[in-house]
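> Requesting a structural model of the entry that follows:
(chains A, B, C and D)
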4 protein chains.
Amino acid sequence: MPPSLLVEQKRERPVVVAGRDLFERGPVFIAGPCAVESEAQALRIARAVKAAGATVFRGGAYKPRTSPYSFQGLGETGLEILARVRAETGLLICTEAVDGECLPRVAEVADIVQIGSRNMDSSSLLKKAGRCGRPVLLKRGFAATLDELLHAAEYIHVEGNADVILCERGIRTFSGHSRNTLDLHAVLRLRERTSLPVMVDPSHAPGLRADVVPLACAAAAVGADGVIVEVHDRPEEALSDGPQQIEPASFARLVRLFGEVARLGCARS
Amino acid sequence: MPPSLLVEQKRERPVVVAGRDLFERGPVFIAGPCAVESEAQALRIARAVKAAGATVFRGGAYKPRTSPYSFQGLGETGLEILARVRAETGLLICTEAVDGECLPRVAEVADIVQIGSRNMDSSSLLKKAGRCGRPVLLKRGFAATLDELLHAAEYIHVEGNADVILCERGIRTFSGHSRNTLDLHAVLRLRERTSLPVMVDPSHAPGLRADVVPLACAAAAVGADGVIVEVHDRPEEALSDGPQQIEPASFARLVRLFGEVARLGCARS
Amino acid sequence: MPPSLLVEQKRERPVVVAGRDLFERGPVFIAGPCAVESEAQALRIARAVKAAGATVFRGGAYKPRTSPYSFQGLGETGLEILARVRAETGLLICTEAVDGECLPRVAEVADIVQIGSRNMDSSSLLKKAGRCGRPVLLKRGFAATLDELLHAAEYIHVEGNADVILCERGIRTFSGHSRNTLDLHAVLRLRERTSLPVMVDPSHAPGLRADVVPLACAAAAVGADGVIVEVHDRPEEALSDGPQQIEPASFARLVRLFGEVARLGCARS
Amino acid sequence: MPPSLLVEQKRERPVVVAGRDLFERGPVFIAGPCAVESEAQALRIARAVKAAGATVFRGGAYKPRTSPYSFQGLGETGLEILARVRAETGLLICTEAVDGECLPRVAEVADIVQIGSRNMDSSSLLKKAGRCGRPVLLKRGFAATLDELLHAAEYIHVEGNADVILCERGIRTFSGHSRNTLDLHAVLRLRERTSLPVMVDPSHAPGLRADVVPLACAAAAVGADGVIVEVHDRPEEALSDGPQQIEPASFARLVRLFGEVARLGCARS
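Here you go, the predicted structure:
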């Protein structure tokens, strides 16, 4: 069993392997559509985000949705499409496991298994993720404290999986002008308290396309190790989350600006 | 498929069967320890809460815990103990299914399957609960809106299970003087928007034994159909949640007072 | 200078004088319209709430409103009407001082000076209230912690005014189904931490007439010393807060039910 | 009366005069100690922040404090010191008016009158600020919605004062790892909804010195027009807010980095 994350103090930031020393070479950009909708859609967007600087493709095969009547993802077919995207583009794949049943199959296809915000508290899923043999992108629950997030990471860690990537994605507040409020203080605190990489999802909190690039740059300013961004080349046709998916040209601008802000080292003390 | 809960308007309150027309005869009291710790403990407490007026025994066999180092429940052994409690006392059993794996076995033993606050968003667990053949006690997530709670109920309902009992258990707020804030407005709104029974858990939000009886009575004042309460006869020895478990004598007082407040009909218009 | 409220421990509950040993004889009901709109309106409602059991008449002469375009109250004319209500009905008067300028004149007319939720943080107003020679009804800010509320009370107390009545009126949360969330835990905590009377305002948090009576009864269940309620005999014509003002007949029911719940002593340990 | 802020749509950003076309020449830096403590302290810090790039000196003469036992500011003496800082350094002065009584005298000394977060709801103070003849820096209440902030601005505006500078300073959330959570979405929304300058206070929300520079840079990324920062050259000796005041060298770094991030134009669409 690796040493507990919970008692670990700031030490040299170890490299999370994530397949290939992912975070060693600078900011990591995970990009792609909210959901995999078809092979053509996934391949088109994958090529676009790769050209813009992404190294990991995201796309939901299994979608956790508030309503049972919303599009729930293509499931196994979606995973097959993701495998093809990987083969054809060379991009790594990050996709969500929504329960213990789909996890083994997700882990076959994905280079990084995502645990979503709504499942951050599902300890039985976390334990299985700890045994899945893949790096895990763990999203903070939208009402979780940092202690709860780190305990969730510990559930994975304790099973022998040290490759955990933390991800801030916005918290639920009284504020009605954005869907959630991105908590950038959390990035600063997490980087102090742990040596795990800390990413930010700038797409879900605002729920508005126009906010994604500036919020990603704000994440760079507080020292985030990368971003996971929803990108769609025809957002008006998207089966889910259309209003928050940015187009490839905006994503290319995001990559460039994130890099420039990151190079300034604003969060270095 | 039954008609959607989401469009249903206030109509005659149908009886949730819950084994035996549970809610027809007045307030329902579900009581018992946070966790099943041993057969002796469970039987002692079960007899005490039955004497005090409970008709359903609660006790966790599988415990969702924030930390992987906390007591996680006795699992299968806990379920066997619950089956014995049922056989020996005649009490109905309510216990939590924390994931899809344990659900089938939980549903064999339990008369009411509980879905906890942290799993309210786990749509795959909700769908399975919709096919488990048992009434489901669905706790509101501590940061869930009522729409999200009703959508979660709909996930169960849509699979053919109309026996859903909603449960308010406190929401996360800025307030630091209690662990969570019991949202009694939610009880009023849920009773308006749905015909499902609405229970309240007065134990988890305060996290303090002294608050449980007054908060249960407040729940009666706003028209709750019953309460689910943590009761332990030796709370100082409890393996989890000791400080919030009340003793059987307090529970007897709670049953009496809840009934008296309920009879006043404060929430009838 | 009286001993600090902040270090005071639970001791015998002293009587807050409030003109006439107000809280000694049982629950206190402060009732009346959101705003004083005319002499006829105020007198009609005052007679109705007195008949129903109120001992204090409330009605805003100065109204703190979110928008400068909303009705701001009758000001000095409103105070004159309140003085007439007092003379004709024998009811005590409770009305709000919104700033240091109106406070001296408010204190001439009012038996209890109200400091509203939005001014709980205005230390210069609190200090003046501490020197105004009248009991002060101090409403908790909708985002204030209990420490902040008690510090605000201390600002009044430190100037020599020990007659402070605390009032919980709902806190701002993520929840969208009610305007604010009534925090009944706060009543339990405040009664533990201080010997000041603790009232509850069940009108503002829900913003819905139908919720007022049940929430008032819930306040009785947790041991509130009384309630301050908005009552209007023609709510559809009210110049402000129409939807949350209850009619005199509902208020009479509230007084009766609050008394019955209070007599049960649910919060006594 | 100027046209309402509330109906105004995105139009060319007018120049807020603030004495001297303040926002025309690029980001504005308002810096100085939490409180004016002595002439020597104020002058030392003023010279340091001017050298680092500030054009406005901040320092509280009247301090709104949670506890009546905390340092409440030097009052009139503090204002005299501020006048001397202005005369000796040529810096503009920004200082807070905590009530209607001190406002006229504050407005004599200050080039920008600050209305603090706790007074954002004090409509009578806002109205007086609307007649004070000075630009007003209006801080968002820590639990205020953007509509409430804009209504507060409207209270000032409606009295004839169009020189309002909005300031985001963090909102109260469930999160316990920072005092408040800086709401950078608000900056994006306010710039869309109004033509007023939008500043950010990166000092109060974290309550931690190390977070101030990265959060200021994050504010630049979302398009803030400037920052108001607490700077002290001997923070360990500060009479208030020591832990969050940064030293002049950090402030110089902040000015440089804010400028570099701002020049990237991340929030331009």
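
> mind listing the helices in chain A by residue range?
A:39-52, A:76-89, A:103-109, A:123-129, A:146-157, A:184-193, A:209-221, A:248-264 (DSSP state H).

> can I get those in CSV with mean pLDDT and mean neighbour count?
Where C-beta positions appear, they are placed from N, C-alpha and C, glycine not excepted. As requested, these are exported to CSV (pLDDT from 0 to 100; neighbours: other Cβ atoms under 10 Å in any protein chain shown):
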stretch, mean pLDDT, mean neighbour count
helix A:39-52, 98, 20
helix A:76-89, 97, 18
helix A:103-109, 97, 18
helix A:123-129, 94, 25
helix A:146-157, 94, 23
helix A:184-193, 95, 23
helix A:209-221, 97, 28
helix A:248-264, 98, 20
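
> Identify whichever of those lies nearest to chain B.
Judged by Cβ to the nearest Cβ, the one of the helices of chain A that comes nearest to chain B is helix A:123-129, at 3.9 Å.

> And residue A:264, how close does it get to chain D?
With distances taken as Cβ to the nearest Cβ, to the nearest Å, residue A:264 is found 6 Å from chain D.

> whoops, residue A:193 was the one
The gap separating residue A:193 from chain D is 9 Å, by Cβ to the nearest Cβ.

> Would you confirm that residue A:30 contacts residue A:228?
Yes. With contact defined as Cβ atoms under 8 Å, residue A:30 reaches residue A:228; the gap is 4.0 Å.

> who touches both of those two?
A:58, A:94, A:137, A:199 (Cβ atoms under 8 Å, 6 or more residues apart in numbering or on different chains).

> Mind pulling up the pLDDT for residue A:2?
We have a pLDDT of 53 for residue A:2.

> repeat for residue A:240
Looking at residue A:240, its pLDDT reads 82.

> Next, count neighbours for it.
19 (other Cβ atoms under 10 Å in any protein chain shown).

> pretty sure it is touching residue A:72, no?
No. Contact criterion Cβ under 8 Å: residue A:240 and residue A:72 do not qualify, at 9.5 Å.

> what sits in contact with each of the two?
Counting by Cβ under 8 Å, 6+ apart, the residues touching both residue A:240 and residue A:72 are A:63, A:65.

> what are the phi and psi angles of the residue lying closest to residue A:23 once chain neighbours are set aside?
Leaving aside its chain neighbours, residue A:23 sits nearest to residue A:197 (4.9 Å; criterion: Cβ to Cβ, 6 or more residues apart in numbering or on different chains). When read as degrees, to the nearest 10, the backbone of residue A:197 gives phi -60, psi 150.

> so residue A:197 makes contact with residue A:228?
No. Here residue A:197 lies out of contact with residue A:228, judged by Cβ under 8 Å, at a distance of 11.5 Å.

> what does chain A put close to chain D?
Applying Cβ under 8 Å from any Cβ of the partner chain, one finds that chain A approaches chain D through A:143, A:145-146, A:171-178, A:181-186, A:188-189, A:205-206, A:210-211, A:213-215, A:217-223, A:257, A:260-261, A:264, A:266-267, A:269.

> restrict those to those near chain B?
A:143, A:172.

> quick one on the thing from earlier: quick one: which of the shared contacts of residue A:30 and residue A:228 is nearest to chain D?
residue A:199 (15.5 Å).

> Count the residues that sit near the closest one.
Applying other Cβ under 10 Å, we find 25 residues neighbouring residue A:199.

> With residue A:162 instead?
By other Cβ under 10 Å, the residues close to residue A:162 number 17.

> Then residue A:21?
Neighbour tally, residue A:21, other Cβ under 10 Å: 10.

> again, but for the one 10 residues further on
Applying other Cβ under 10 Å, we find 30 other residues in the vicinity of residue A:31.

> Next one, pLDDT for residue A:19 please.
pLDDT, residue A:19: 41.

> ok, the nearest residue to residue A:35 once chain neighbours are set aside to chain D distance?
Nearest residue to residue A:35, sequence neighbours excluded (Cβ to Cβ, 6+ apart): residue A:60, at 4.5 Å. As judged by Cβ to the nearest Cβ, residue A:60 and chain D stand 24 Å apart.

> Those residues of chain A touching chain C, which are they?
Going by Cβ under 8 Å from any Cβ, the residues of chain A near chain C are A:172, A:173, A:174, A:176.

> can you do 10 Å?
A:142, A:143, A:171, A:172, A:173, A:174, A:175, A:176, A:180 (Cβ under 10 Å from any Cβ of the partner chain).

> now for those, which pair is the farthest apart?
Using Cβ to Cβ, the pair of the residues of chain A next to chain C lying farthest apart is A:143 and A:176, separated by 16.4 Å.

> who's more crowded, the two?
Taking other Cβ under 10 Å, residue A:143 and residue A:176 do not tie; residue A:143 has more neighbours (23 against 11).

> Could you tell me which residues make contact with residue A:228?
By Cβ atoms under 10 Å, 6 or more residues apart in numbering or on different chains, the contact set of residue A:228 is A:28-32, A:54, A:56, A:58, A:94, A:112, A:114, A:137, A:139, A:165, A:167, A:169, A:199-204, A:216.

> ok, now with 8 Å
A:30, A:31, A:58, A:94, A:137, A:167, A:199, A:200, A:201, A:203.

> I'd like the helices of chain A written out as TSV, with distance to residue C:161 added.
Listed next are those as TSV, based on distance: least, Cβ to Cβ, whole Å:
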stretch	distance to residue C:161
helix A:39-52	66
helix A:76-89	68
helix A:103-109	63
helix A:123-129	53
helix A:146-157	42
helix A:184-193	39
helix A:209-221	47
helix A:248-264	54
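
> so which of these gets nearest residue A:232?
Evaluated over the helices of chain A, closeness to residue A:232 peaks at helix A:39-52, with 6.4 Å, by Cβ to Cβ.

> tell me the pLDDT at the most centrally placed residue in chain A?
By Cα atoms, centre = their mean, chain A has its centre lying nearest to residue A:228, at 4.5 Å. pLDDT for residue A:228: 98.

> residues in chain A within reach of chain B, list them.
Checking chain A against chain B by Cβ under 8 Å from any Cβ, the hits are A:6, A:64-68, A:72, A:98-102, A:118-119, A:121-125, A:127, A:141-143, A:147-148, A:151, A:154-155, A:158, A:172.

> one more time with 7 Å, if that's ok
Residues of chain A lying close to chain B (Cβ under 7 Å from any Cβ of the partner chain) are A:64-68, A:98-101, A:118-119, A:121-125, A:142-143, A:148, A:151, A:154-155, A:158, A:172.

> For the closest residue to chain B within the stretch 51-200 of chain A, which non-adjacent residue is closest in space?
At 3.2 Å from chain B, residue A:143 is the closest residue in the stretch 51-200 of chain A, using Cβ to the nearest Cβ. Distances taken as Cβ to Cβ, 6+ apart place residue B:143 nearest to residue A:143, at 3.2 Å, with adjacent residues excluded.

> Equivalent analysis for residue A:202, please.
Closest to residue A:202 by Cβ to Cβ, 6+ apart is residue A:215, at 3.9 Å.

> ok, back up a step: CSV for the contacts of residue A:228, including distance to residue B:40 and pLDDT?
CSV is the format used below for the contacts of residue A:228 (distance: Cβ to Cβ, whole Å; pLDDT from 0 to 100):
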residue, distance to residue B:40, pLDDT
A:30, 52, 98
A:31, 57, 98
A:58, 52, 98
A:94, 49, 97
A:137, 45, 97
A:167, 45, 98
A:199, 49, 97
A:200, 51, 98
A:201, 49, 98
A:203, 53, 96
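
> Most neighbours among the residues you listed, please name it.
Busiest of the contacts of residue A:228 [other Cβ under 10 Å] is residue A:58, holding 32 neighbours.

> Identify the bridge partners of that residue.
Beta bridges link residue A:58 to residue A:94, judged by DSSP bridges.

> surely it meets residue A:96?
No. Checked against Cβ atoms under 7 Å, the pair residue A:58 and residue A:96 is beyond contact range at 8.7 Å.

> any idea how far the closest residue to chain C within the stretch 1-150 of chain A lies from residue B:228?
Taking Cβ to the nearest Cβ, chain C has its nearest neighbour within the stretch 1-150 of chain A at residue A:143, 8.1 Å off. Per Cβ to Cβ, to the nearest Å, residue A:143 is found 21 Å from residue B:228.
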